[in-house]
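Student: prediction below, plus the sequence it came from.
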Amino acid sequence: MEILFQILLVFLLVLANGAFVAAEFAIVAVRKTRIEQLVQEGDKRAKLVHRALLDTDSFIAAAQLGITMASLAIGWVGEPLLAGLFHKWLTFLVVPFYVSEPPEVLSHTVAVAVAYILLTALHVILGEQAPKIMALDRAERVAFWVVPPTQLFMRLTHPFVKFTAWATRFVLRPFGFRPGAREAGAHSPEELKMLVTASQEAGIIEKQEEELVHKILEFGDSLARDIMTPRTEITGVEKGSPVSEFLEKVTESGYSRFPVFEENLDHIIGFLDLRKVLGSLVAGTVAADIADLMVPPFFVPESKKVGDLLREFQRTKYAMCIVLDEYGGTAGLVTLTDILEEIVGATEEAESLESAYQQLDERTLIVPATLKISDLNERAHLEIPEGEYQTLGGLISGLLDRIPNEGDYVLFHNYRFSVLDKKGYKISKVMVTRQ
C-alpha cells in the first residue's frame, strides 16, 4: 500500500510540475486583447487571467517556484522508490555476471541509473514538453484551467514570490531590463500583416477584411503624391468665370469642389464649393465673378504623409488641397474622399478592376483610365515607363497636352493608348495595344 501511495505521489508531482509549466507558457502566449474582451463580456475566468496579466513578473516567479519545488520533490520521492522496485530484480540478473563487485552494489548502481533515466523521461514528457505544447497551442483554454490554482499557490507563497520577483528585476536592471518595459505584446506593422494573413488563411477572417487591414497599416506610409489626382486630370475654374460656366463644369464632371486658378494651374488662388454657390443663388447674393465666393487655397508638398494630411483636414476643416512639386508648381490635387478611398476603397477598387479589365488578345486589353501604370505593369506583365505620370489617363492627357477626346490615341514606348470612353472631361476607358 505504501508503494502504491508513493507511485501515486510521483504522478501527482509530475502533474503539478506540468501545471506550473503550462501556467508559465500560457500567461505569456495568451492574447491580452482577447482576455480584455472576455472581461468586458463578464467572463469570471477571464478576470482571473487578466489579474495575472497585470503582474506577470510575480506570476511567472510563482510558476517557476512551483516548477522547482515539484522537480525536487519528484527526485526526492521517485528515485528511492524506483531504485527499490528494480533492486531485487536486478540483483537476480547480475549474479551470473559477478566478477569483483558484490551483486548488491552492482544492482543498486544499475537500479539508480535506471530510476534516473525513467524519472527524467517521465518528467520531460509529462511534466515539461506536453504541457508546454498544449499551452502554446491552446493558450486561452489552458490559461483558464491552470492560472487559478497557480494564483492560489502564489498567494500561499506570497513573501517568497515577491522576493524572487524583486531579486530577478534587481539582477536584470544593470543589463538595461526594467519592469513594465516588456515589448512582447507589441507588434510592428509587418508583424501585424503576417498575423492578419495567418488569420485569413485559417478562415478566421474574410479575404476582404484582410485587404482592408493591410490597407490601413500601409496608410501611414503613403505620401500625398501616391494618392493625388495628377495635374493633367485636374478640372479647375478660371478666375472671372460666370456662375453658369461653373455650374456647367459641375454637371459635366460630377465634382462639387474646384480649384480656382489665374492664367494656369500653377497659379491657384482658391477653392470653390458648390454648396456655397448654391447658397448664394438661393439668397440672391451671387456675384458676377465666381472667384468672389472662393476660400483661400491649402497647399502641401508631395512628400506630405497621408496620415498627417488627414489630421490637417480635420484641423482646418478643408476637404481639398493642392500638392506642390519641388519647384513650387502644381503637381496634383488631393481631396478628403481620396484619403478615405485609400483606406476603404481597396476592395471595391479591386472588384471594379476585375469587371473593367478585359484581355482582348495577347497584345490588346481594355482597362480603366484611372488604373495606375505600376499596377497595370504588374498585372499584365508590361513594361510601360512611369515617369511623371501615375495613371493611364494622366499619361494620355500629358502626352496630348490637352483634354483628350474619344478616339484620340498616343504612341509611347512601343505601346498605343487609345481613348475609348469619357465621362465629362475625364477619360474612363483606355485600349492598350502592344506594338
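Tutor: Nice, thanks for sending it over. Numbering: from 1, shown residues only.
Student: tell me the secondary structure for the residue sitting nearest the centre point of the chain?
Tutor: In the chain, the residue lying closest to the centroid (C-alpha atoms, centre = their mean) is Leu192, at 2.8 Å. Under DSSP: H, G, I helix; E, B strand; the rest coil, Leu192 falls in the helix class.
Student: hmm, it is touching Leu217, no?
Tutor: Yes. Using C-beta atoms under 8 Å, Leu192 is in contact with Leu217, at 5.9 Å. Every residue, glycine included, has its C-beta placed from N, CA and C.
Student: overlap in contacts, those two.
Tutor: Common contact partners of Leu192 and Leu217 (C-beta atoms under 8 Å, 6 or more residues apart in numbering): none.
Student: shaky segments in this protein?
Tutor: By pLDDT under 70, the low-scoring segments of the chain are 1-3, 78-79, 81-115, 177-189, 191, 219-221, 284-289, 344-356, 387-388, 424-425.
Student: domain assignment for it?
Tutor: 2-175, 189-219, 224-336, 345-434 (automatic domain parsing).
Student: from the chain's centre, how far out does the first one sit?
Tutor: This points to domain 2-175. 36 Å (C-alpha atoms, centre = their mean, to the nearest Å).
Student: and for the third one?
Tutor: Here domain 224-336 shows a centroid-to-chain-centroid distance of 35 Å under the convention C-alpha atoms, centre = their mean.
Student: just the element for Met134, please.
Tutor: Using DSSP states H and E, Met134 falls within helix 130-137.
Student: buried residues in the helix or strand just after that helix, which are they?
Tutor: Once helix 130-137 ends, the next helix or strand along the chain (criterion: DSSP H and E) is helix 139-156. Under the neighbour-count criterion of 16 or more other C-beta atoms under 10 Å, helix 139-156 has 139-140, 142-148, 150-151, 153-154 buried.
Student: do the same with stretch 255-269
Tutor: Buried residues in stretch 255-269 (16+ other C-beta under 10 Å): Tyr255, Ser256, Arg257, Phe258, Pro259, Val260, Phe261, Leu265, Ile268.
Student: okay, those in JSON lines with secondary structure and distance to Leu382 next?
Tutor: Output for these, formatted as JSON lines (DSSP: H, G, I helix; E, B strand; the rest coil; distance: C-beta to C-beta, whole Å):
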{"residue": "Tyr255", "secondary structure": "coil", "distance to Leu382": "31"}
{"residue": "Ser256", "secondary structure": "coil", "distance to Leu382": "35"}
{"residue": "Arg257", "secondary structure": "strand", "distance to Leu382": "34"}
{"residue": "Phe258", "secondary structure": "strand", "distance to Leu382": "34"}
{"residue": "Pro259", "secondary structure": "strand", "distance to Leu382": "33"}
{"residue": "Val260", "secondary structure": "strand", "distance to Leu382": "38"}
{"residue": "Phe261", "secondary structure": "strand", "distance to Leu382": "34"}
{"residue": "Leu265", "secondary structure": "strand", "distance to Leu382": "30"}
{"residue": "Ile268", "secondary structure": "strand", "distance to Leu382": "34"}
